[in-house]
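K.L.:
Pasting the sequence and the predicted model now:
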Amino acid sequence: MSVFFYGCVTLDGYLADKNHGLNWLHETGSPEETDCDRFYSEMDVTIMGKRTFEEIAQLEDAASVYPTTENYVFTHAASLPQKGFIPVSGDVAEFVAGLSPDKNIWIIGGNTILAPLLERDMVHHLVIQVAPVLLGEGIPLFTQKEGLKRFRLEEVKQYGQFAELIYRRNEM
């Protein structure tokens with residue numbers, strides 16, 4: 001099993017503005033300018049939080065956004081209004097540990113999903129796109145508890161105004 005975080009942050013490290021908005025991202029570029037489709041083709045499972053799901057659910061054909069993966073949403077809701085998304089709850093690290101060991105898992109969006117996985121050294125790859133935007137405040141990407149985590153830079157790419165940094169966890 002390989003666990004990936006793939007997402008975009010501002011230069012000052014925020015996933016979203018203080019109101020969880022993503023206008024800064026939509027105004028900077030589009031996924032078509034990146035390698036997202038190739039990345040997605042290698043994934044078996046997506047895992048996201050409720051706020052990330054709510055952003056996706058606003059799209060015209062949300063069910064077609066992640067058509068070839070099992071898509072899990074951490075929420076307290078018993079059901080979701082979009083086909084193709086499965087509600088789950090509980091401890092995200094335990095959930096991930098229970099998935100098949102031959103799966104590639106994409107952690108999408110929120111730090112509340114990412115932090116527990118980082119705390120337990122379950123994230124193998126970080127693919128972070130950096131947008132040329134400073135928010136000054138907002139929702140940070142990294143909120144895990146204190147503890148040294150080391151990753152090795154494997155590649156740097158440029159997509160229009162975005163820099164993409166590809167890291168792999170250092171194995172002990």
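P.N.:
Yep, it's here.
K.L.:
So Glu54: helix, strand or coil?
P.N.:
For Glu54, the secondary-structure state derived from DSSP: H, G, I helix; E, B strand; the rest coil is helix.
K.L.:
That one - how many residues pack around it?
P.N.:
For Glu54, the neighbour count with other Cβ atoms under 10 Å is 15. For the C-beta atoms, the positions are set from N, CA and C on the backbone; glycine is no exception.
K.L.:
what's near enough to touch the residue nearest to the spatial centre of the chain?
P.N.:
Closest residue to the average C-alpha location of the chain: Ile108 at 2.3 Å, with Cα atoms, centre = their mean. Taking Cβ atoms under 8 Å, 6 or more residues apart in numbering, we find Ile108 in contact with 6-7, 46-48, 52.
K.L.:
of all the residues you listed, which comes closest to Ala93?
P.N.:
Ile47 (10.8 Å; Cβ to Cβ).
K.L.:
The closest one sits in which helix or strand?
P.N.:
Secondary-structure assignment from DSSP states H and E places Ile47 in strand 45-49.
K.L.:
mind listing what's buried in that strand?
P.N.:
45-49 (16 or more other Cβ atoms under 10 Å).
K.L.:
with the residues you listed in mind, which one is nearest to Met122?
P.N.:
Ile47 (11.3 Å).
K.L.:
related to what we said a few turns ago, with pLDDT as added columns, please give the buried residues of strand 45-49 in TSV.
P.N.:
TSV is the format used below for those (pLDDT from 0 to 100):
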residue	pLDDT
Val45	97
Thr46	97
Ile47	97
Met48	94
Gly49	91
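K.L.:
which residues touch the spatially closest residue to the residue nearest to the centre of the chain that is not a sequence neighbour?
P.N.:
With Cβ to Cβ, 6 or more residues apart in numbering as the criterion, Ile108 has its nearest non-adjacent residue at 4.2 Å, and that residue is Met48. Counting by Cβ under 8 Å, 6+ apart, Met48 makes contact with 56, 71-74, 107-110, 113.
K.L.:
Which members of the residues you listed are positioned in helices?
P.N.:
In helices, defined here by DSSP state H, the members of the contacts of Met48 are 56, 113.
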